[in-house]
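> turn this into a model:
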Amino acid sequence: MKLTYDISEVRPYINWIYFFHAWSMNGLGGAEKDALLADAGQMLDSWQGLCHTYAVFEVLEANSDGDDLLIGSVRIPMLRQQRPAVAGQSNLCLADFVRPLASGVKDRVGAFATTVDPSMEKVHRDDVYLHLLSQVLCDRLAEATAELMHLQVRRTYWGYAPDENLSMSDLLAERYQGIRPAVGYPSLPDTSLNFILSDLVGMKQIGIQLTETGMMQPHASVSGLMFAHPQARYFDLGQIGDDQLHDYARRRGLPVAYVRRFLSTRLAAPASV
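So this is what the prediction gives:
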């Protein structure tokens, strides 16, 4: 399903903490911060009625099979923590939050992508400050679009939380049921998964093109998966050992050297002899 949003619809869902983080201004106050927020507000006002953000998503039948997700007829291997974040906890994998194939009962998983009008990233090329401001705002709007879309999916389109009624602060603090891990983030670091997600949801419908490395254009785009399990939570994979790299490449049906390119920042250093 494709959704189109006015700037005014997604603006309330902007997480300004991350906006100020991009400017290294978190925790600071004063006139400089107020002026930056005012400039951001003026730019958002200038886009209202002229620009839009977009989302595309599908909620599909799914099961887990070991560390793999089976979404429709598509098998998507996942990665598992090799060390839990807290001693005594299980090593987590996103496939853990989906009913196993052996249960004989179908579950569901969502896949999504969000983006902005490409023109929004190209404004003010002759002004370094305003161009940077537009880029940061575009990133925040793509994330805000994912926030609003996910809310609508939970309440209506998937409908597993129809009575959800959270404040904006609770939404931004992720106090809802389920998770939406994004590609490139700690539990889903392999950007080559975008090639699979693009086929599942049709990213081209909203103007997203993929580079050879699976990066999305426009840059201000977000993609990922949605899980409804009440115990689903975000986690960091941490470092990936060489044994899991080889197993993951085997399950993806891809050469180890190719997969290594996408996971290079996550690979553990070889043990010294």
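> could I get the buried residue list for the strand or helix carrying Tyr5?
Per DSSP states H and E: Tyr5 is located in strand 2-6. Neighbour counts using 16 or more other C-beta atoms under 10 Å place Leu3, Tyr5 of strand 2-6 among the buried residues. Backbone N, C-alpha and C define where each C-beta goes, glycine included.
> for it, what is the average pLDDT?
In this model, strand 2-6 has a mean pLDDT of 98.
> parallel or antiparallel, which strands does that strand pair with?
The sheet places strand 2-6 alongside strand 52-65 (antiparallel), with pairing taken from DSSP bridges.
> tell me the buried residues in the partner strand?
The neighbour-count check on strand 52-65 (16+ other C-beta under 10 Å) flags His52, Thr53, Tyr54, Ala55, Val56, Phe57, Glu58, Val59, Leu60, Ala62, Asn63, Ser64 as buried.
> what's the local residue count around Leu132?
Neighbour count for Leu132, taken as other C-beta atoms under 10 Å: 13.
> actually Trp23, sorry about that
For Trp23, using other C-beta under 10 Å, the count is 15.
> moving C-terminal of the strand holding Tyr5, what's the next helix or strand?
Next in sequence after strand 2-6, counting helices and strands by DSSP H and E, comes helix 7-10.
> quick one: the strands in this structure, in order.
Using DSSP state E, the strands of the chain run over 2-6, 52-65, 68-71, 74-77, 107-116, 209-210, 216-217, 221-226.
> care to break the chain down by domain?
2-60+106-236, 239-272 (the TED database).
> returning to that earlier point: can you lay out the strands of the chain as TSV showing distance to Asp126?
Formatted as TSV, the entries for the strands of the chain read as follows, by distance: least, C-beta to C-beta, whole Å:
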stretch	distance to Asp126
strand 2-6	27
strand 52-65	24
strand 68-71	45
strand 74-77	43
strand 107-116	21
strand 209-210	26
strand 216-217	22
strand 221-226	25
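> follow-up on the earlier one: orientation of the strand holding Tyr5 relative to strand 107-116 in degrees?
Angle of strand 2-6 versus strand 107-116, following axes from the mean of the first three to the mean of the last three C-alpha atoms, to 10 degrees, is 40 degrees.
> so the residue lying closest to Val109 once chain neighbours are set aside bridges to which residues?
Closest residue to Val109 apart from its sequence neighbours, by C-beta to C-beta, 6 or more residues apart in numbering: Ala62 at 3.9 Å. For Ala62, the beta-bridge partners under DSSP bridges are Ile71, Asp107.
> hang on, Ala62 packs against Pro100?
No. Checked against C-beta atoms under 8 Å, the pair Ala62 and Pro100 is beyond contact range at 10.8 Å.
> so which residue is dead centre in the protein?
A centroid search over the chain (C-alpha atoms, centre = their mean) returns Ala182, at 2.1 Å, as the residue closest to the centre.
> run a quick neighbour tally on the closest residue to that one other than its chain neighbours.
Using C-beta to C-beta, 6+ apart and skipping residues adjacent in sequence, the residue nearest Ala182 is Gly224, 3.8 Å away. By the other C-beta under 10 Å criterion, the neighbourhood of Gly224 contains 25 residues.
> from what I can see Gly224 touches Thr114, true?
No. With contacts counted by C-beta under 8 Å, Gly224 stays clear of Thr114, the gap being 9.3 Å.
> overlap in contacts, those two.
Ala146 (C-beta atoms under 8 Å, 6 or more residues apart in numbering).
> for Ser90, give its distance to Gly214.
Applying C-beta to C-beta, to the nearest Å, the value for Ser90 to Gly214 is 29 Å.
> more crowded one of the two?
Gly214 (20 against 9).
> next one: the more buried one from Val109, what distance?
From Gly214 over to Val109 (counting by C-beta to C-beta), the distance is 19 Å.
> remind me which residues of the stretch 51-200 of the chain are low pLDDT?
Low-confidence segments of the stretch 51-200 of the chain, defined by pLDDT under 70, are absent; every residue clears the threshold.
> for the closest residue to Met149 other than its chain neighbours, name its beta-bridge partners.
Setting aside the residues directly before and after it, Met149 is nearest to Ala55 in space (C-beta to C-beta, 6+ apart), at 4.1 Å. Each beta-bridge partner of Ala55 is listed here: Leu3, Thr114, as defined by DSSP bridges.
> in this structure Ala55 contacts Val10, no?
No. Taking C-beta under 8 Å as the definition, Ala55 is not a contact partner of Val10, at 9.5 Å.
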